[in-house]
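*Asks:* Have a look; sequence and predicted model below, questions after that.
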Amino acid sequence: MSKWIARFCTGIGAFKIYIVIQMLVQMILAPLVPWLGKAGNICIVLWAFAILVYDFFHSRDLLRRGVHIWELIFLAAVAVSILVNFRTNLLDNVETYLILLIEFLVLIPAYRQDRETLKRDILWFVNILAAAMFLCSLVGFVLYAADYALYSYEYRFCGVFSNPNLSSVMSFWGVTASAAALTFKPKRYIALYRTGHIVNLLLTFVMFTIANSNTGKVMLAAACAAVCFLLPFTLELKAKTVWRILSGILAAAAGIVLSFTLYSGVQETASYLPGTIRYIENAFTSDQPSTPPVDKPSIDKTDFDRENSDVQIDNNRFEIWREGLETFTHRPLFGCGPRNLWSAVNTYVEEPRSEIEAGGLHNMYIELLVVCGIAGFVTFVLFVLRRGIPVLVFVFRNDIPQQRKRVRMVILFAGLLAFLAMNMTESTMLFSTTPYAVCFWVILGFMFNYIALYGHKNPENTTRGDRTC
């Protein structure tokens, strides 16, 4: 029994898979099983608590190797923000804070001390995430082909998810997972493994395009720009740094253009699918006329545009940000509390926009400033700089052994950068109990662990089995 308890309390890799899948199931089944969210969050917190307690009384790897000073100061600043505003939504704020603690104390610390085990954990994570998104995309694709929408959101189709932004972001992570999985070489069934991930990549990308979300477009542009910009640095080219930078900028621009061309082409092709199926059904079910019709019936095209033609190009975000900054001026030091945004905006802004109640300020960085004040915002920026600079140095290196590993790191880095860029138009990174936010923290933790193991420029420092990575 003690052996199983030890495995349960040290299985951080399994916990990372569980928390993403649990939150994905919660989000999909929320309309049918409303209590599943609370119950799932309780299970997540209890398992994370067991991991932290076991780690504290044994190896203390999570605290010793993973937690840095600016992370602790940021967590303290958020806690002060909650305590200062304890009269409003205290239980919701505490629940949000517990998830934030799990992200910082369990998901992002470098917990693995050998490369082979870390490779195994990443392999399991990307394969299970890809499999989960394949099921979601397959069901969504069938619903789309049958022209049946579970949720009505203008003309955009979001499959099993409740809105196009959720669909596009989770589809993006599904594409990223399969792309990263293809950098691994399994010992058996290689053809089946590769075919499955290629099919998932294509199917999930189709769902990504028909959601027609501007949030997804931001992620696509940022990810393609990052991958293309890094090409001159990852390839073994004899060129000066200036020429690499210039080449990277040109490659990034070309990558964005090509990605949006591909996006438009896939979306245009997919738009004829429901109409084609209806056309075929009518051809087999309708009675044949005695004389051929003068005009041949045409195949209907699905419209993915927004219904409201008067929506501005910024989708009213500038006005939302202005209202958020106006709220900030009333509580500048510690903010209004993570889950108190709507009540604070209602208090300090006359006739605020209703979008804030459901979607926040649609900018994570402005929202952080408003809900946690200067104290939370500054400490978070310092955390990003302290942990982000080593990540940049790492991905720009070209001495990492094995091309597969190098490509894998570029793919994961592009996903992280895309999510950071997306949070300039959405508020989904912090204080969010959603699977796509947790995916970000899990992948960030894998990146930090890679840096901890490969941080020194010593290609000979590899463990046995790592050459097959």
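*Replies:* Arrived safely, thanks for sending. Numbers count the residues shown, from 1 in each chain.
*Asks:* Would you mind measuring from Trp4 to Ile44?
*Replies:* Applying CB to CB, to the nearest Å, the value for Trp4 to Ile44 is 20 Å. Quick note: C-beta positions are derived from backbone N, CA and C, even for glycine.
*Asks:* Looking at the two, which is more packed in?
*Replies:* Ile44 (22 against 8; other CB atoms under 10 Å).
*Asks:* ok, that one - contacts?
*Replies:* Counting by CB atoms under 8 Å, 6 or more residues apart in numbering, Ile44 makes contact with 18-19, 22-23, 99, 102.
*Asks:* Those in helices, which ones?
*Replies:* Mapping the contacts of Ile44 onto helices (DSSP state H) picks out 18-19, 22-23, 99, 102.
*Asks:* Using a markdown table, lay out those together with neighbour count, distance to Gly196 and pLDDT.
*Replies:* As requested, those are exported to a markdown table (neighbours: other CB atoms under 10 Å; distance: CB to CB, whole Å; pLDDT from 0 to 100):
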| residue | neighbour count | distance to Gly196 | pLDDT |
| --- | --- | --- | --- |
| Tyr18 | 16 | 22 | 95 |
| Ile19 | 27 | 24 | 94 |
| Gln22 | 21 | 23 | 93 |
| Met23 | 23 | 24 | 92 |
| Ile99 | 23 | 32 | 92 |
| Ile102 | 23 | 31 | 93 |
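*Asks:* and the residues you listed as a markdown table, adding distance to Phe57?
*Replies:* Below are these laid out as a markdown table (distance: CB to CB, whole Å):
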| residue | distance to Phe57 |
| --- | --- |
| Tyr18 | 22 |
| Ile19 | 22 |
| Gln22 | 26 |
| Met23 | 28 |
| Ile99 | 23 |
| Ile102 | 19 |
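*Asks:* shouldn't Val106 be in contact with Leu52?
*Replies:* Yes. Using CB atoms under 8 Å, Val106 makes contact with Leu52 at a distance of 6.7 Å.
*Asks:* The two - which one has more neighbours?
*Replies:* For the pair Val106 and Leu52, the greater number of neighbours falls to Val106 (25 against 17), based on other CB under 10 Å.
*Asks:* Now do that one against Phe8, distance only.
*Replies:* From Val106 across to Phe8, the span is 14 Å (CB to CB).
*Asks:* got any ranges where the stretch 301-450 of the chain has weak pLDDT?
*Replies:* Within the stretch 301-450 of the chain, the segments meeting pLDDT under 70 span 306-315, 398-402.
*Asks:* ok, now with 90
*Replies:* Low-confidence segments of the stretch 301-450 of the chain, defined by pLDDT under 90: 301-319, 349-360, 388-409, 425-428, 431-434, 450.
*Asks:* Farthest pair within the contacts of Ile44?
*Replies:* Farthest-apart pair in the contacts of Ile44 is Tyr18 and Ile99; separation 13.9 Å (CB to CB).
*Asks:* List the contacts of stretch 442-459.
*Replies:* 16, 19-20, 65-66, 107-115, 118, 121-122, 125, 176, 387, 390-391, 394, 397, 399-401, 409, 412-413, 415-416.
*Asks:* Take those and keep only those in helices.
*Replies:* Of the contacts of stretch 442-459, the ones assigned to helices by DSSP H are 16, 19-20, 115, 118, 121-122, 125, 176, 387, 390-391, 394, 409, 412-413, 415-416.
*Asks:* buried subset of those residues?
*Replies:* Buried by 16 or more other CB atoms under 10 Å: 16, 19-20, 115, 118, 121-122, 125, 176, 387, 391, 394, 409, 412-413, 415-416, out of those.
*Asks:* For the closest residue to Asn423 other than its chain neighbours, grab the count of nearby residues.
*Replies:* Using CB to CB, 6 or more residues apart in numbering and skipping residues adjacent in sequence, the residue nearest Asn423 is Met364, 3.8 Å away. Neighbours of Met364 under the rule other CB under 10 Å: 24.
*Asks:* separation between Met364 and Ser354?
*Replies:* 20 Å.
*Asks:* In contact with Leu230, which residues are there?
*Replies:* Taking CB under 8 Å, 6+ apart, we find Leu230 in contact with 248, 395-396, 410, 413-414.
*Asks:* do Ala146 as well
*Replies:* Contacts of Ala146 by CB under 8 Å, 6+ apart are 274, 277.
*Asks:* cool, and the one 5 residues further on?
*Replies:* Applying CB under 8 Å, 6+ apart, one finds that Tyr151 lies in contact with 158, 161-163.
*Asks:* do Ile256 as well
*Replies:* For Ile256, the contacting residues are 221, 224-225, 228, by CB under 8 Å, 6+ apart.
*Asks:* Looking at the residues you listed, which one is closest to Leu129?
*Replies:* Proximity of these to Leu129 (CB to CB) peaks at Cys224, which lies at 20.4 Å.
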